[in-house]
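[1] here you go, sequence then predicted model.
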Amino acid sequence: MPRTLALLTILACACAHEAVKPAPPRLAAPAVPPKMVELPPAIVYKEARELMEMGRWNDAQAKLQAYLAKEPNNAAALFDAAWIAERRGDKAAAEELYRRARANDPQHAGAALNLARLLEEKGELAEAEQVCRGSDDARVLDALAAILREEHKADEAESVVRRVLMRHPRDADAYRNLAAIEAERGHLRRADSALNDAHKLDDKNAGILNSLGLLALRREEVAAARGYFEQATNLDPGLAVAWANLGAVALSYRDYAVAEQAYAKALELDGLRWETHLAHAWALEGLKKPKEARGEYEKVLALKPGEEDALYGRAVALKAEGDLTGAIEAFKAYVLIPKAARAKEAQNQIAALDLRLKNPPAKPTAPKPPPPAPDLAKLPQTNAGEPPPQAAR
């Protein structure tokens, strides 16, 4: 027993002076990475649609790209991808995707409508017309009638409208097209009647109110037009064209503040129309903001190089900013336009500015220093409550 106790004591002392080594680990089997669970394409598409509803365009685009990698011929997904491309400002990609959607489903009305709209914006009316032909969808036929009218094919456009109304007598857009056709023919009463029919069928359509405003302008009823445009913007604050038209009316009144606000809103919604940038520049010019106006003229020239009004306006703005050398160069660029409408005015501006540069105004002489303040101690003093001394007679 004493030996056992001595041995335990020795072992205890040994443990106190030697580091305890951990037991060697057991060799684990090589870890097998878990298999990634690949979601079914239908789930991926559903998630993409949900992201679209939230306005998360980048995330939705990534999901749709993953889906289209598996299902490249799905017309609905191609249409959604094109719509996202438009929201992100990539109209070229949107056009290509709409084409692919139509190639996989020639009767896809949404793809036809949006592709035709993009082609119209580019001025490619003949191709836009072909896109809309061959469809029986009333919406596509309405778009076809509008394109034909824009191509000055009024009789054919009216024929398409009548075709739509025979099948769909309550189609408000068909009545809008009919009104536009009659207005272009100079039949303003018929146009007004057709537009009012459209408004009765769809009184929540801001576009119809905008058309009523344009018709009122044709009749020179400016106050009525302004009322229609205001109603349109109240009903649909996202209708850029109604804001632009409201700005045009305010500009005609020379109400530059209201015009500037309306055009700014229109550009916030659709900043790719050079005409709106130009009108916004005019409003800013009216507000005596030449630097901001010049910025808008520059945007016009970026969207439409060589635009005559923008070139002249930019020169005027540079002059107002005090950049006389820049103004001269800008006026010279304007004069180079063939048959420039204001060439004589520009030449006069160049001559006047050149004269100002050669004969700068004399520097103003420094003002004389004010006379020294009088020494109050040398002035006659009076005691409080006593009258001042009388002047000697």
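    Perfect, thanks for sending it.
[2] any weak-confidence spans in the stretch 201-350 of the chain?
    Scanning the stretch 201-350 of the chain for pLDDT under 70 picks out no residues.
[3] so which residues of it form helices?
    In the stretch 201-350 of the chain, the helices defined using DSSP state H, counting those that start in this stretch lie at 206-218, 222-235, 240-252, 256-269, 274-286, 290-303, 308-321, 324-335, 343-358.
[4] helices and strands around the third one, which ones?
    Pointing back at helix 240-252 there. Secondary-structure packing of helix 240-252 (3 or more CB pairs under 8 Å, 6 or more residues apart in numbering; DSSP states H and E): helix 206-218, helix 222-235, helix 256-269, helix 274-286. C-betas here are computed from N, CA, C, even on glycine.
[5] now these in CSV, please, with extra columns for mean neighbour count and distance to residue 144.
    What follows is these, written out as CSV (neighbours: other CB atoms under 10 Å; distance: least, CB to CB, whole Å):
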stretch, mean neighbour count, distance to residue 144
helix 206-218, 22, 17
helix 222-235, 19, 25
helix 256-269, 20, 26
helix 274-286, 23, 25
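[6] closest one to residue 53 among these?
    helix 256-269 (20.1 Å; CB to CB).
[7] how far away from the center of its chain is that closest one?
    Remark: helix 256-269 is offset 11 Å from the chain centroid, using CA atoms, centre = their mean, to the nearest Å.
[8] list of residues touching it?
    With CB atoms under 8 Å, 6 or more residues apart in numbering as the test, helix 256-269 has contacts from 233, 238-241, 243-244, 246-248, 250-251, 273, 276-277, 279-280, 282-284, 286-287.
[9] could you report the neighbour count for residue 355?
    9 (other CB atoms under 10 Å).
[10] so can I have JSON lines of the helices of the stretch 201-350 of the chain showing distance to residue 107?
    Below are the helices of the stretch 201-350 of the chain laid out as JSON lines (distance: least, CB to CB, whole Å):
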{"stretch": "helix 206-218", "distance to residue 107": "25"}
{"stretch": "helix 222-235", "distance to residue 107": "32"}
{"stretch": "helix 240-252", "distance to residue 107": "29"}
{"stretch": "helix 256-269", "distance to residue 107": "31"}
{"stretch": "helix 274-286", "distance to residue 107": "35"}
{"stretch": "helix 290-303", "distance to residue 107": "35"}
{"stretch": "helix 308-321", "distance to residue 107": "43"}
{"stretch": "helix 324-335", "distance to residue 107": "50"}
{"stretch": "helix 343-358", "distance to residue 107": "54"}
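[11] between the ones you listed, which one is closest to residue 95.
    The nearest among the helices of the stretch 201-350 of the chain, by CB to CB, is helix 290-303 at 17.8 Å.
[12] buried residues, the closest one. List them.
    290, 292, 293, 294, 295, 296, 297, 299, 300, 301, 303 (16 or more other CB atoms under 10 Å).
[13] do stretch 247-256 as well
    For stretch 247-256, a neighbour-count test (16+ other CB under 10 Å) marks 247, 248, 249, 250, 251, 255, 256 as buried.
[14] gap between the closest residue to the first one other than its chain neighbours and residue 230?
    Okay, so that is residue 247. Distances taken as CB to CB, 6 or more residues apart in numbering place residue 262 nearest to residue 247, at 3.5 Å, with adjacent residues excluded. Using CB to CB, to the nearest Å, residue 262 is found at 10 Å from residue 230.
[15] need the contact list for the closest residue to residue 63 other than its chain neighbours.
    Leaving aside its sequence neighbours, residue 63 sits nearest to residue 48 (CB to CB, 6+ apart; 3.6 Å). Going by CB under 8 Å, 6+ apart, residue 48 touches 60, 63, 64, 67, 77, 80.
[16] again, but for residue 116
    Contacts of residue 116 by CB under 8 Å, 6+ apart are 128, 129, 131, 132, 140, 143, 147.
[17] out of those residues, flag the one nearest to residue 204.
    Using CB to CB, the contacts of residue 116 come closest to residue 204 at residue 143, 20.3 Å.
[18] count of neighbours near that closest one?
    So residue 143, with other CB under 10 Å, has 26 neighbours.
[19] helices or strands next to whichever strand or helix holds it in the packing?
    Per DSSP states H and E: residue 143 is located in helix 138-150. Under the contact criterion of 3+ CB pairs under 8 Å, 6+ apart, helix 138-150 touches helix 109-121, helix 125-132, helix 154-167, helix 172-184.
[20] could you identify which of the ones you listed is most buried?
    Compared across the helices and strands packed on helix 138-150, helix 172-184 shows the largest average neighbour count, a mean of 24 (mean count of other CB atoms under 10 Å).
[21] looking at that helix now, give me its mean pLDDT.
    In this model, helix 172-184 has an average pLDDT of 94.
[22] what angle do that helix and helix 206-218 make?
    Between helix 172-184 and helix 206-218, the angle comes out at 10 degrees (axes from the mean of the first three to the mean of the last three CA atoms, to 10 degrees).
[23] and the contacts of helix 172-184?
    Contacts for helix 172-184 (CB under 8 Å, 6+ apart): 138-139, 142, 145-146, 149, 154, 157-158, 161, 164-165, 168, 188, 190-195, 197-199, 201-202, 205, 207-208, 211, 215, 218.
[24] rerun that using 6 Å as the cut-off
    Residues from elsewhere that reach helix 172-184, judged by CB atoms under 6 Å, 6 or more residues apart in numbering: 142, 145-146, 149, 154, 157-158, 161, 164-165, 190-191, 194-195, 197-198, 201-202, 211.
[25] next one: it to chain centre, how far?
    Relative to the chain's own centre, helix 172-184 is displaced by 27 Å; criterion: CA atoms, centre = their mean.
[26] what sits closest to residue 47 if chain neighbours are left out?
    residue 63 (5.4 Å).
[27] so what's that neighbour up against?
    44, 47, 48.
[28] with just CA atoms, put the one helix or strand the second one maps to into PDB.
    Looking back up the chat, that one is residue 47. Assessed by DSSP H and E, residue 47 sits inside helix 41-53. Output of helix 41-53 as PDB, limited to C-alpha atoms (Å, rounded to 0.1, in the frame of the first residue of the first chain):
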ATOM      1  CA  PRO A  41     -36.200  26.300 -64.100                       C
ATOM      2  CA  ALA A  42     -39.800  27.100 -63.200                       C
ATOM      3  CA  ILE A  43     -38.800  28.100 -59.700                       C
ATOM      4  CA  VAL A  44     -36.000  30.300 -61.000                       C
ATOM      5  CA  TYR A  45     -38.500  32.000 -63.400                       C
ATOM      6  CA  LYS A  46     -40.900  32.500 -60.600                       C
ATOM      7  CA  GLU A  47     -38.200  34.200 -58.500                       C
ATOM      8  CA  ALA A  48     -37.300  36.400 -61.400                       C
ATOM      9  CA  ARG A  49     -40.900  37.600 -61.700                       C
ATOM     10  CA  GLU A  50     -41.100  38.300 -58.000                       C
ATOM     11  CA  LEU A  51     -37.900  40.400 -58.200                       C
ATOM     12  CA  MET A  52     -39.400  42.300 -61.200                       C
ATOM     13  CA  GLU A  53     -42.400  43.200 -59.100                       C
END
